[in-house]
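# What shape does this take:
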Amino acid sequence: MKISTRALAWLLFAGLVVLYHANWTEMVEGDTYVSISTPFELLETGKTSFHPDRHPQLFKWRSKPPLQVHDEFRVNRWQERFAGKSAEEWRASGHLVFNGPRYFLIESSVQRVYVSTFGPIPGMLLLPLAATVRAIDRTAPYEFNLKLAVGKLQGSLFIAGSATLLFLLALRWSSRRNALLVAIAYGAGSCVWAISSQSLWQQSVNQFFLMLGAYFLLGPLRERNAALLAGLAFGAAVATRATSAIFLLAVLVYLLVYQRKNASYFLLGAAPLPLVIAVYNFHFFGSPITFAQELVGHDLALEKTGSPDLWQTPVLKGLRGLLLSPSRGLLVFSPVFVLSFWGMLRIWRTQRLIAFRPLVAGVALTMALQCKWFDWWGGWSYGYRPWLDVMPFLALFMLPVLDDVLARPLSRVLYGALLAWSVFVQALGAFSYDRTWNERELFVVEFAEGRTQALLTEPEARAVAKSDGGKYLGPSLCNIDFPWCRSRLWSWRDSIILYQIQRYNWTRANRPPTGWYDFNWSP
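Numbers count the residues shown, from 1 in each chain. Alright, predicted model coming up:
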């Protein structure tokens, strides 16, 4: 019996949500924790800002003896005990001193409070689920792991939703088989499984809104209604992540050229949410076009590269890294998406697909912009995190060439192999990635000209020092964000994929269980 389209869409959505939770664990990611904490703080205090007295884990603390001396001592809760005393007692005695916010918080220049670097939208969208959990378990706002689980559930719903929208949109332009294949390639064969679905990232929300905008733009609605709703969705994406303005402008240009009468409806839909964010920015930062990520970015750029310039990376260098790096490359982690670039060329040459062209332009410009960003490698990450925003569109762009690929036995087998590898790498990340590769112990050799080299084993480092006239310095933690460690991004022997394969059993055993175990059904 043939399954109806509606039933298949629901099965796809539910299947992906289950898949994303099959690892039964959560990742602790600073980029996401502040967004997850926002709705709980709003429910508790009526504010979207944070204070170190209530959220010590979001701030840095300078510790003094007898505690281990550290400028970024981490305190999760004031009741947490160190060396026989609570963190609260150490703070009262002057041994823990406030040392500023972590990078995911920024002090408002106007209100003198600390707010999320990543804006309010992800946290506001989590509010209904957070309110439900808090109504059942009043301790939820203070349970770190439980909040991570809530955030992961919301993130997984957004990503499964974007994959389902992709499937429904693809059905309008191709066969059911092809629509299902591109949805699976996106939902299980791209880093949205290993990253976006595993917590409430800014990109998790952005991917959903961008895909929703494409669905309205290219979907079955009447042109006027489609333009209005597409504007609303793309406007929501801009409010979530400012770089999405590239897509909004690309679609607007397309409408002005080909559907001028609908451009005003598109703008009408697009305006409200970005205006809300403009007011938010003015309230906290004194300017409607000043974003927290820009303000924090200069300090991070200086710390990681020695220059405060946000757009300092040569485009070709970033492009080479995000395409081919053994630990960051799209064609290494998800090689099935090589079809997307062929599809982009065909879209530009096919008159029937002219409506896809603003999305192609938006993808190309967004990818190029991310290549220019100061840390093109995306900091501590699994795969090509800077390009996650464009992944639903890259999957969509496979459609024009899929029939050609699947028509021939040899190319069909090759396609199956590329898809299988892509899914395997994402499953590996979802089940075993624990962030430790980003700062692992390596063995350092220093050469006369001041150059250093980090090697995987001590015997190897000693041998290199002896043969090349260097000095063996010993073991050191090699942080991927340090300039002298960045060559690791190009090492196949030290690739994050190989690392996670070799350490799979250890990382599975040491990743904490899902925070839903902390849920209290008796409020």
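
# The stretch 201-350 of the chain: helices as residue ranges?
With DSSP state H, counting those that start in this stretch as the criterion, the stretch 201-350 of the chain has helices at 202-218, 223-240, 245-258, 260-270, 272-285, 292-305, 315-324, 330-333, 338-349.

# These: lowest mean pLDDT?
Least confident of the helices of the stretch 201-350 of the chain, judged by mean pLDDT, is helix 292-305 with a mean of 92.

# Show me where the chain has its strands.
Counting by DSSP state E, the chain has strands at residues 59-63, 70-73, 81-82, 85-86, 96-101, 105-107, 114-116, 439-446, 452-455, 471-479.

# Least confident secondary structure element in this protein?
Least confident helix or strand of the chain, by mean pLDDT, DSSP states H and E, is strand 452-455 with a mean of 85.

# hmm, who's touching that one?
Residues from elsewhere that reach strand 452-455 (Cβ atoms under 8 Å, 6 or more residues apart in numbering): 442-447, 461, 464, 470, 473, 476, 478, 484-485, 487-488. For glycine as for every other residue, the C-beta is placed from the backbone atoms N, C-alpha and C.

# can we see that at 6 Å?
Here strand 452-455 makes contact (Cβ atoms under 6 Å, 6 or more residues apart in numbering) with 442-446, 461, 478, 484.

# Of those, keep whichever come out buried.
With burial judged by 16 or more other Cβ atoms under 10 Å, the buried subset of those is 442-445, 461, 478.

# what bits of this structure have low per-residue confidence?
Scanning the chain for pLDDT under 70 picks out 1, 522-523.

# From the contact counts, what lies against the top helix by length along it?
Longest helix in the chain, counting residues (DSSP state H): helix 144-173. If you count contacts as 3 or more Cβ pairs under 6 Å, 6 or more residues apart in numbering; DSSP states H and E, helix 144-173 packs onto helix 5-20, helix 30-45, helix 176-189, helix 202-218.

# change it to 8 Å
Using 3 or more Cβ pairs under 8 Å, 6 or more residues apart in numbering; DSSP states H and E as the contact criterion, the elements in contact with helix 144-173 are helix 5-20, helix 30-45, helix 127-136, helix 176-189, helix 191-194, helix 202-218, helix 391-396.

# angle of that helix against helix 30-45?
110 degrees (axes from the mean of the first three to the mean of the last three Cα atoms, to 10 degrees).

# So which bits of helix 144-173 are buried?
So for helix 144-173, counting by 16+ other Cβ under 10 Å, buried means 145-171, 173.

# thinking again about what came up before, of the buried ones among the contacts of strand 452-455, just say which sits nearest to E29.
Here the nearest of the buried ones among the contacts of strand 452-455 to E29, counting by Cβ to Cβ, is C478; it sits at 20.5 Å.

# Turn the buried ones among the contacts of strand 452-455 into CSV, columns for distance to W516.
What follows is the buried ones among the contacts of strand 452-455, written out as CSV (distance: Cβ to Cβ, whole Å):
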residue, distance to W516
L442, 37
F443, 41
V444, 42
V445, 47
A461, 44
C478, 35
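
# between those, which is nearest F118?
For these, the nearest to F118 is C478 (27.5 Å; Cβ to Cβ).

# I figured the closest one hits R486, correct?
No - the pair C478 / R486 is not scored as a contact, 9.6 Å apart, by Cβ atoms under 8 Å.

# okay, the helices and strands packed on helix 144-173 in a markdown table with distance to V425 and mean neighbour count next?
Compiled in a markdown table, the helices and strands packed on helix 144-173 are given as follows (distance: least, Cβ to Cβ, whole Å; neighbours: other Cβ atoms under 10 Å):
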| stretch | distance to V425 | mean neighbour count |
| --- | --- | --- |
| helix 5-20 | 15 | 16 |
| helix 30-45 | 21 | 22 |
| helix 127-136 | 30 | 16 |
| helix 176-189 | 8 | 23 |
| helix 191-194 | 8 | 28 |
| helix 202-218 | 18 | 27 |
| helix 391-396 | 14 | 28 |
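
# is it possible to export these to TSV including distance to N281?
What follows is those, written out as TSV (distance: least, Cβ to Cβ, whole Å):
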stretch	distance to N281
helix 5-20	32
helix 30-45	16
helix 127-136	20
helix 176-189	32
helix 191-194	28
helix 202-218	15
helix 391-396	27
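
# chain center to stretch 338-352, what's the gap?
Stretch 338-352 sits 26 Å away from the centroid of its parent chain (Cα atoms, centre = their mean, to the nearest Å).

# For it, list every residue counted as buried.
Result for stretch 338-352 [16+ other Cβ under 10 Å]: buried residues 339-341, 343-344, 347.

# tell me the contacts of the nearest residue to A226 once chain neighbours are set aside?
Leaving aside its sequence neighbours, A226 sits nearest to F216 (Cβ to Cβ, 6 or more residues apart in numbering; 5.1 Å). Going by Cβ under 8 Å, 6+ apart, F216 touches 226, 229-230, 233.

# By neighbour count, which of the residues you listed wins?
Within the contacts of F216, neighbour counts (other Cβ atoms under 10 Å) peak at A230, which reaches 27 neighbours.

# Which residues are in contact with that residue?
213-214, 216-217, 251, 266, 269.

# if we go to 6 Å?
With Cβ under 6 Å, 6+ apart, A230 has these contacts: 213, 216-217.

# what does T25 give?
If you count contacts by Cβ under 6 Å, 6+ apart, T25 has them with 511, 514.

# tell me which residues form a beta bridge with it?
P513 (DSSP bridges).

# Check the gap between it and Q198 for me.
Noted for T25: a distance of 9 Å to Q198, by Cβ to Cβ, to the nearest Å.

# Sort out which one of the buried ones among the contacts of strand 452-455 lies nearest L310 for me.
Among the buried ones among the contacts of strand 452-455, and counting by Cβ to Cβ, the member closest to L310 is C478, at 25.0 Å.

# Would you mind measuring from that closest one to Y114?
31 Å.

# Could you give the number of residues near G378?
G378 has 21 nearby residues by other Cβ under 10 Å.

# what's the answer for P101, then?
With other Cβ under 10 Å as criterion, P101 counts 20.

# Over to the one 3 residues further on?
Other residues within reach of F104, judged by other Cβ under 10 Å, total 20.
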